[in-house]
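Visitor: Predicted model and sequence follow; I will ask about them next.
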Amino acid sequence: MKTLKIAIQKSGRLNEKSVELLKNCGLSFENYKSSLISPVSNFPLEILFLRDDDIPEYVQDGIADIGIVGENVINETEVDVSYLQMLGFGKCSLKLAIPNNSDITQLSELQGKSIATSYPVILKKFLAKNNITADIRTISGSVEISPGLGLSDAICDLVSTGGTLKSNGLKQFGDVMHSEAVLIGRRGIENDPLIIELIQRVQSVLRAKETKYVVLNVEQQNLAAVEALLPGIKSPTVVPLAEEGWAAVHTVIPEKDFWNKISKLKAAGAQGIVVLPIEKIIL
Ligand code: PRT
Ligand code: ZN
């Protein structure tokens, strides 16, 4: 049987979540920090641990079949790959930022100014789309110190909490792109049965993460009102309690609706609400 290869980041912000996702998909492997390749013992897959910058090209060129990498890196390397699944972690934004005391007030005022970035390709396209010509200075790291050193008027860098900008006396000025980790594959790989199986496993893990399992008790007379609030996968499961006139309702609730739903359920007569995490949802 052929063995597929998945490229993930060796160390850095996406490594831990990528490893966790693959393990939650039931894949068994050692997360060797020192080696480049780790075999999966219960799936025909090998894991390649790489610098994130190399992952898109490795996948495009077929050295790896699939990979997990930030969209920002995919766009910057301008590769031709398939997006197999957005993964919901590693979320950040590529933003323009200027010194707090800068007199620039709108995007068009970046005309003729200098902007430091590690993302020259994405920035160049963004500026062209906005009819701005600026001097793009490509720096490979610590972009945030460049205005303070007098190297640029503005920067274009990844931001998640905004703490780094703040501690360097910079303020956000505009969004260039939003990014998150993506499972990518080389063109055509999406039809491979092993990849279809793997994507289904990934989706069942992601679905479970976004959803809570809820069990609650309700008096028969309030059951219809409680049921009306609950979708379930098909519909909620209702079972009678040992005590006459009461029922237990089992269902799943999307995490995002959770607090809102719980207060409505209580108001409708739900009692003894128990909330549990879900490991996987297979549809
Ligand atoms: O060694 P290797 O080349 O593999 O890793 P790397 O150092 O190039 O990348 P790494 O591990 O820093 O980031 C990997 C990916 O994580 C990025 O390509 C993004 O897709 C994603 N990601 C999510 C981030 C951030 N959030 C992030 N905050 N990447 C970088 N940052 C940096 C940012 O550049 C800035 O310096 O964190 C700082 C800002 O953070 P806040 O929280 O202060 O705003
Ligand atoms: Zn990198």
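Guide: Nice, thanks for sending it over. Ligands and ions are numbered 1, 2, ... in the order given.

Visitor: switch to C-alpha atoms for all contacts and neighbour counts from now on
Guide: Fine.

Visitor: Need phi/psi at K171.
Guide: Here is the backbone geometry of K171 (degrees, to the nearest 10): phi -130, psi 150.

Visitor: which residues touch it?
Guide: Neighbour list for K171: A97, I98, P99, N100, L165 [criterion: Cα atoms under 8 Å, 6 or more residues apart in numbering].

Visitor: In strands, which of those fall?
Guide: If you go by DSSP state E, the contacts of K171 have A97, I98, P99 in strands.

Visitor: quick revisit: would CSV of the contacts of K171 with distance to S28, neighbour count and pLDDT be doable?
Guide: Compiled in CSV, these are given as follows (distance: Cα to Cα, whole Å; neighbours: other Cα atoms under 10 Å; pLDDT from 0 to 100):
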residue, distance to S28, neighbour count, pLDDT
A97, 43, 25, 98
I98, 46, 24, 98
P99, 48, 21, 98
N100, 49, 14, 97
L165, 39, 23, 97
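
Visitor: hmm, back to that, let me have the ones in strands among the contacts of K171 in a markdown table, adding distance to N72 as columns.
Guide: Formatted as a markdown table, the ones in strands among the contacts of K171 follow (distance: Cα to Cα, whole Å):
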| residue | distance to N72 |
| --- | --- |
| A97 | 17 |
| I98 | 21 |
| P99 | 23 |
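
Visitor: Specify which member of these is nearest to P277.
Guide: Set against P277, the nearest of the ones in strands among the contacts of K171 by Cα to Cα is A97 (39.2 Å).

Visitor: going on from the lowest-mean-pLDDT helix or strand in the chain, what's the next piece of helix or strand?
Guide: Ranked by mean pLDDT, DSSP states H and E, the weakest helix or strand in the chain is helix 258-267, scoring a mean of 90. Moving toward the C-terminus from helix 258-267, the next helix or strand (DSSP states H and E) is strand 271-277.

Visitor: now for that following strand, which elements pack on it?
Guide: Contacts defined by 3 or more Cα pairs under 8 Å, 6 or more residues apart in numbering; DSSP states H and E place strand 271-277 against strand 211-219.

Visitor: secondary structure class for L48?
Guide: On the three-state scheme (DSSP: H, G, I helix; E, B strand; the rest coil), L48 is labelled strand.

Visitor: Tally up the residues packed near it, please.
Guide: Residues within reach of L48, counting by other Cα atoms under 10 Å, total 21.

Visitor: K95: neighbouring residues, count only.
Guide: 20.

Visitor: Could you pick out the longest helix of the protein?
Guide: In the chain, assigned by DSSP state H, the helix with the most residues is helix 193-209.

Visitor: mind listing the helices for this structure?
Guide: Taking DSSP H, the helices of the chain run over residues 15-24, 55-60, 71-77, 120-129, 163-167, 193-209, 223-228, 258-267.

Visitor: Looking at these, which is nearest to G90?
Guide: For G90, the closest of the helices of the chain is helix 15-24, at 8.3 Å, according to Cα to Cα.

Visitor: and the closest one, what does it pack onto?
Guide: On a contact count with 3+ Cα pairs under 8 Å, 6+ apart, helix 15-24 meets strand 4-9, helix 193-209.

Visitor: For the last one, give me every contacting residue.
Guide: Looking back up the chat, that one is helix 193-209. With Cα under 8 Å, 6+ apart, helix 193-209 has contacts from 21-22, 24-25, 84-85, 87, 189-190, 277-283.
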